[in-house]
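Asker: quick one, structure for this:
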Amino acid sequence: MNTPKTLTGDDSIKTWLEHPVGGPILRDLLAQAGQDADVMRPVQRLAIKRLIKLSKGQFSQEMVDQLVARAAAGDVPAGAADASAEAPEPTTESADAGGAAGVASAVERPEWVERLDQGRFAGKTVIVTGAGSGIGRATASRIAREGGRVIAVDVSQERLDDFASEHAGAEIVTLVADITDDAKVAEIVAAAGDRIDGLANIAGIMDDMTPIGELTDAVWKRVFSVNVDGTMKLMRAVVPVMVARGTGSIVNTASEAALRGSAAGVAYTASKHAVVGLTKSTAFMYGPSGLRVNAVAPGATITNIEAKFASPLGAERVQLAMTILPDAAEAEALAASITFLLSDDGVNINGVVLASDGGWSAA
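Answerer: Just a heads-up that it's a prediction; the model follows:
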């Protein structure tokens, strides 16, 4: 009998769950918190130590160290099921018939590692909305670490202060602002000055998954106010500055819901389709003036935007569609796509909607 591998904090959550010792230990820990292993599916490819940051303090380094020590000691909870018994091995028939595809599915993919392009944004000023958390924070962070001056905008001073504190020495201007407020939009542009090289429109909100027959005016207006009006107002404000300099890049955040009707409720879906319209029209109108305007359509992403189901029909239909959902990506993976389009690396790309969704849109 093969001896189980020694687990570490660098092993993926999937490896832990499938391990004959680590699996029962991790499942027992989750059960104590009222959860089961399914809650880990979106992040199963990540190293278990990554939960320290993602859980915002609920999962500590001490807990990781304790898990590793318990796994090394074989400290399986009494009565716990063997993880190997819960995860059936592929049969010889399925492995042989699958050929290369069968082998590929059995091999654990290496974890993606962010690789910085030092100086890519040197001398550039980029406005990033939603910079206090999630995709916005990851994008603002990458631009700052690649030498750019960041105008970091969010509705939370606390989140902005925390973000700035993590980037000591970087050129970051933080600004608390509601992007639907014209006066605040003017403040954002003023903070950037007479040079605006890029705008990353990332701030946004989710709807409550309601179909149109159950939609309230309040949900519709709130979602459109932030996702469409806010995006439009900032685009409208920065375009004249960019046109005056003959250059500029805008990246809007669309969504998988901008590409299909099965990813959210009607308000969010319609709002993100509208974002695509804003993107394409502006790209067409101002391309000859030196502007590039594109959008990124994220799929499942680990952010602080929570999906809530206020409609049984909405829950039934959307959750059915999500059965083909790829694993959730980290915000940094989306930032890689966004900063590519923002930077000069995207020099010949204008008016596109880049699906950064792990292949969801191909299904």
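Asker: following the worst-scoring helix or strand of the chain on mean pLDDT, which helix or strand comes up?
Answerer: Taking mean pLDDT, DSSP states H and E as the measure, the chain has helix 92-106 as its least confident helix or strand, at a mean of 40. The first helix or strand that comes after helix 92-106 along the chain, using DSSP states H and E, is strand 125-129.
Asker: other residues contacting the helix or strand following that next one?
Answerer: Counting by DSSP H and E, the next helix or strand C-terminal to strand 125-129 is helix 134-145. Helix 134-145 is contacted by residues 114, 116, 121, 126, 128-131, 150, 152, 154, 159, 163, 166-167, 170-172, 198, 200, 202-203, 253, 298, 301-305, 330-332, 334-336, 338-339, 342 when judged by Cβ atoms under 8 Å, 6 or more residues apart in numbering. C-betas here are computed from N, CA, C, even on glycine.
Asker: take these and keep only those in strands.
Answerer: Residues of those located in strands (DSSP state E): 126, 128-129, 150, 152, 154, 172, 198, 200, 253, 298, 301-302, 330.
Asker: any stretches of the stretch 251-363 of the chain with poor pLDDT?
Answerer: 300-329, 358-363 (pLDDT under 70).
Asker: for it, which segments are assigned as strands?
Answerer: Per DSSP state E, counting those that start in this stretch, the stretch 251-363 of the chain carries strands over the ranges 291-298, 301-302, 329-330, 353-356.
Asker: excluding chain neighbours, what is closest to Pro77?
Answerer: Among residues not flanking Pro77 along the chain, Asp28 sits closest, at 4.3 Å (Cβ to Cβ, 6 or more residues apart in numbering).
Asker: just the buried positions in the helix or strand where the one you found lies, please.
Answerer: Using DSSP H and E, Asp28 sits within helix 22-32. Residues 22-30 are the ones in helix 22-32 that count as buried (16 or more other Cβ atoms under 10 Å).
Asker: export those to TSV and tack on pLDDT?
Answerer: Below are the buried residues of helix 22-32 laid out as TSV (pLDDT from 0 to 100):
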residue	pLDDT
Gly22	88
Gly23	88
Pro24	90
Ile25	87
Leu26	87
Arg27	86
Asp28	85
Leu29	82
Leu30	81
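Asker: identify, from these, the entry nearest to Lys5.
Answerer: Gly22 (9.2 Å; Cβ to Cβ).
Asker: residues in contact with the closest one?
Answerer: Contacts for Gly22 (Cβ under 8 Å, 6+ apart) come out as 7, 11, 15-16, 67, 71, 83.
Asker: go through the strands of the stretch 251-363 of the chain and pick out the most buried.
Answerer: Of all the strands of the stretch 251-363 of the chain, strand 291-298 has the most neighbours on average by mean count of other Cβ atoms under 10 Å, namely a mean of 26.
Asker: on that earlier part again, what is the nearest of the ones in strands among the contacts of helix 134-145 to Ser281?
Answerer: Ser281 has its nearest neighbour among these in Thr253, at 16.7 Å by Cβ to Cβ.
Asker: and the closest one, what is it in contact with?
Answerer: 135, 200-202, 204, 275, 295-296, 298, 338.
Asker: against Ala244, how distant is Asp194?
Answerer: Between Asp194 and Ala244 the computed distance is 8 Å (Cβ to Cβ, to the nearest Å).
Asker: wait, I meant Thr282
Answerer: 16 Å.
Asker: again with Glu214
Answerer: 47 Å.
Asker: which one's more surrounded, those two?
Answerer: Set Glu214 next to Ala244 and count neighbours by other Cβ atoms under 10 Å: Glu214 wins out with 16 against 13.
Asker: which residue sits closest to Asn186, ignoring its sequence neighbours?
Answerer: Slight slip there: residue 186 is Ala, not Asn. Closest to Ala186 by Cβ to Cβ, 6+ apart is Ala237, at 7.1 Å.
Asker: what does Ala144 give?
Answerer: Ala170 (4.0 Å).
Asker: so the one you found touches Ala152, yeah?
Answerer: No - using Cβ atoms under 8 Å, Ala170 makes no contact with Ala152, being 10.0 Å away.
Asker: neighbour count winner among these two?
Answerer: Neighbour tally, Ala170 and Ala152, criterion other Cβ under 10 Å: the higher count belongs to Ala152, 30 against 18.
Asker: buried residues in stretch 130-137?
Answerer: Those would be 130-137, for stretch 130-137 by 16+ other Cβ under 10 Å.
Asker: go on, stretch 202-218?
Answerer: For stretch 202-218, burial by neighbour count (16+ other Cβ under 10 Å) applies to 202-210, 214-215.
Asker: show me which of the contacts of helix 134-145 are buried.
Answerer: Buried among the contacts of helix 134-145 (16+ other Cβ under 10 Å): 121, 126, 128-131, 150, 152, 154, 159, 163, 170, 172, 198, 200, 202-203, 253, 298, 301-303, 330-332, 334-336, 338-339, 342.
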